[in-house]
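Chemist: Here is a sequence with its predicted model. Questions after.
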Amino acid sequence: MKRILTIQDISCVGKCSLTVALPIISACGIETAVLPTAVLSTHTAFKGFTFRDLTGDLNDITKHWKDLNINFDSIYTGYLGSFEQLDIVSNIFDQFKSKDTLILVDPVMADNGNLYCGFDQKFADAMAKLCSKADIIVPNLTEACFMLHEEYIAEGYDIEYVKGILKKLCGLGAKKAVLTGVNLGDGRLGVMSYDKATGEYFSYYREHLPYSFHGTGDVFASTLCGGLSKGLTIEKSLEIAVDFTVQSIIETVKNPDHNWYGVDFESALPTLIEKLAK
Ligand code: PXL
């Protein structure tokens, strides 16, 4: 069985980061090892969240894994809370990467033109440095703009603009870049990828649903990492990840009492398992 290491926080309530990555990667039929970077009572969109920083534990944990000769087929990073954690994660890449290891960095730090609570431009610059070590990075347009020092444009851009951003993202050093939340104003929303080695672009769109939920980026990245780690092509993995994210939103809004803070990806898991079995 393949084994993914995912490095991000655990927000106890809120349906994001590890509470999303673990069940989704497991549903992909892949063993999920976790390196929790912090424990929060909820994610940071709630008021008054607690935050227990686990930076001081990370090196001891990975040293134990090294002693046991444990290795990983993929390493997937999400929300990271400090400069020190970015350095430690960069070292983990160096220590655990073999020639077949897939490194996926989701530079979680911003959305809708704004950085999340606690982050600034300097952090975005440090995250851009971590992205240089990745095989594949999956920012949304806001995160891409912060890392590239570009002005964020919410809408009204065209496909050439997206292609330009993707090329610049690969210029940070990553082999492939995927931009999420691409909206070309035609009623659809989707993703576009660029492969630096082949020069190929790929895009996949679905209907633009009039909702916005926390955690959808984590649902998408976890599924993409699952698909790629199973050996599916990037095109197929992107299609499956977008469809699963959209299905999670559809399942969420079916329930009139749905939560504001995350999507009901649990109800969509059977569709993911079925697609992966094909
Ligand atoms: O979903 C991304 C995410 C992950 N972890 C924490 C967050 C967020 C988004 O707000 O606050 C702690």
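Modeler: Cool, got the structure.
Chemist: With the ligand as the reference, measure out to residue 172.
Modeler: Distance, residue 172 to the ligand, by Cβ to the nearest ligand atom, to the nearest Å: 21 Å. The C-beta positions use only the backbone N, C-alpha and C, and glycine is treated the same way.
Chemist: Kindly report the same for residue 166.
Modeler: In terms of Cβ to the nearest ligand atom, residue 166 sits 22 Å off from the ligand.
Chemist: Pull out the buried residues from the helix or strand harbouring that residue.
Modeler: Here residue 166 sits within helix 159-171, counting by DSSP states H and E. Within helix 159-171, the residues scored as buried using 16 or more other Cβ atoms under 10 Å are 162, 165, 166, 168, 169, 170.
Chemist: closest point of the stretch 51-200 of the chain to the ligand, which residue?
Modeler: residue 79 (3.5 Å; Cβ to the nearest ligand atom).
Chemist: How about that residue, nearest residue that isn't a chain neighbour?
Modeler: The shortest distance from residue 79 to any non-neighbouring residue, by Cβ to Cβ, 6 or more residues apart in numbering, is to residue 108 (4.2 Å).
Chemist: likewise residue 96?
Modeler: Spatially, and ignoring its direct neighbours in sequence, residue 96 is nearest to residue 72 (5.8 Å; Cβ to Cβ, 6+ apart).
Chemist: hang on, that neighbour in a strand?
Modeler: No - applying DSSP: H, G, I helix; E, B strand; the rest coil, one finds residue 72 to be coil, outside a strand.
Chemist: ok now do it, which residues does it touch?
Modeler: 3, 4, 5, 33, 96, 101 (Cβ atoms under 8 Å, 6 or more residues apart in numbering).
Chemist: One more: residue 213?
Modeler: Neighbouring residues of residue 213 by Cβ under 8 Å, 6+ apart: 249, 252, 260, 261, 262, 263.
Chemist: and this structure, which residues reach the ligand?
Modeler: Contact residues, the chain versus the ligand (Cβ under 6 Å from any ligand atom): 9, 11, 16-17, 40, 43-45, 79, 108, 116, 214-215, 217-218.
Chemist: What is the helix holding residue 166 packed up against?
Modeler: Judged by 3 or more Cβ pairs under 8 Å, 6 or more residues apart in numbering; DSSP states H and E, helix 159-171 is in contact with helix 141-148, strand 176-182, strand 188-195.
Chemist: Determine the angle, from 0 to 180 degrees, between that helix and strand 188-195.
Modeler: If you take axes from the mean of the first three to the mean of the last three Cα atoms, to 10 degrees, helix 159-171 sits at 40 degrees to strand 188-195.
Chemist: For helix 159-171, the averaged confidence score.
Modeler: Taken as a whole, helix 159-171 carries a mean pLDDT of 98.
Chemist: follow-up on the earlier one: can you tell me which of the contacts of residue 72 are in helices?
Modeler: Counting by DSSP state H, the part of those found in helices is residue 96.
Chemist: Format the contacts of residue 72 as CSV; extra columns: distance to residue 199 and pLDDT.
Modeler: Converted to CSV, the contacts of residue 72 look like this (distance: Cβ to Cβ, whole Å; pLDDT from 0 to 100):
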residue, distance to residue 199, pLDDT
3, 32, 98
4, 28, 98
5, 30, 98
33, 34, 98
96, 30, 98
101, 24, 98
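Chemist: Mark which of the contacts of residue 72 are buried, thanks.
Modeler: 4, 5, 96.
Chemist: Distance to residue 22 added to these, as CSV?
Modeler: Listed next are the buried ones among the contacts of residue 72 as CSV, based on distance: Cβ to Cβ, whole Å:
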residue, distance to residue 22
4, 10
5, 12
96, 19
